[in-house]
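>>> just coords:
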């Protein structure tokens with residue numbers, strides 16, 4: 001394993017991201033429990049607001065979390081690959 005500063009930050013940052021996203025997932029999963037306290041007189045596509053938020057909102061938030069994770073990890077992986085390539089080129093260059 002290459003010993004470089006970017007590598008030392010890579011996994012702790014990834015674990016922090018996963019922890020934050022899992023906490024958001026947990027809160028969103030528990031959200032339908034508190035929804036019955038919302039007024040039933042509002043409707044969304046003919047559904048009462050609490051039911052619509054539980055039926056449509058929760059899955060959309062899950063998809064948004066997955067998309068956010070994929071975008072962030074793609075960017076971080078590209079940065080890590082660039083750091084590895086840069087270090088490999090620096091190590092292969094002849095010393096004068």
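Thanks, I have it. Here the structure is a predicted model, which means the values were calculated and not measured.

>>> Show me where this protein dips below the pLDDT cut-off.
1-6, 93-96 (pLDDT under 70).

>>> change it to 90
The model of the chain has pLDDT under 90 over residues 1-11, 31-57, 79-96.

>>> Residue 33 versus the spatially most central residue of the chain, what's the distance?
Geometric centre of the chain, nearest residue: residue 69, 2.9 Å, by C-alpha atoms, centre = their mean. Separation of residue 69 from residue 33 (C-beta to C-beta, to the nearest Å): 25 Å. No exception for glycine: its C-beta is placed from N, CA and C like everyone else's.

>>> if we can go back for a sec, in the helix or strand harbouring the residue nearest to the centre of the chain, what's buried?
Using DSSP states H and E, residue 69 maps to helix 58-92. For helix 58-92, a neighbour-count test (16 or more other C-beta atoms under 10 Å) marks 58, 61, 65, 76, 83 as buried.

>>> right, and the first one touches residue 33 too?
So the one you mean is residue 58. No: assessed by C-beta atoms under 8 Å, residue 58 is found out of contact with residue 33, at 11.5 Å.

>>> For residue 16, state which of the buried residues of helix 58-92 is nearest.
Nearest to residue 16, judged by C-beta to C-beta, of the buried residues of helix 58-92 is residue 76 at 11.5 Å.

>>> I'd assumed residue 11 was in contact with that closest one.
No: judged on C-beta under 8 Å, residue 76 makes no contact with residue 11 at a distance of 10.4 Å.

>>> Surely residue 62 touches residue 27?
No: Residue 62 is not in contact with residue 27 according to C-beta under 8 Å; the separation is 12.0 Å.

>>> And the host helix or strand of residue 12, what does it pack against?
Assessed by DSSP H and E, residue 12 sits inside helix 5-34. Contacting helix 5-34 under the criterion 3 or more C-beta pairs under 8 Å, 6 or more residues apart in numbering; DSSP states H and E are the following elements: helix 58-92.

>>> And the helix it packs on, what does it pack against?
Counting by 3+ C-beta pairs under 8 Å, 6+ apart, helix 58-92 packs on helix 5-34.

>>> Which helix or strand lies directly C-terminal to the helix it packs on?
For helix 5-34, the succeeding helix or strand toward the C-terminus, using DSSP H and E, is strand 43-44.
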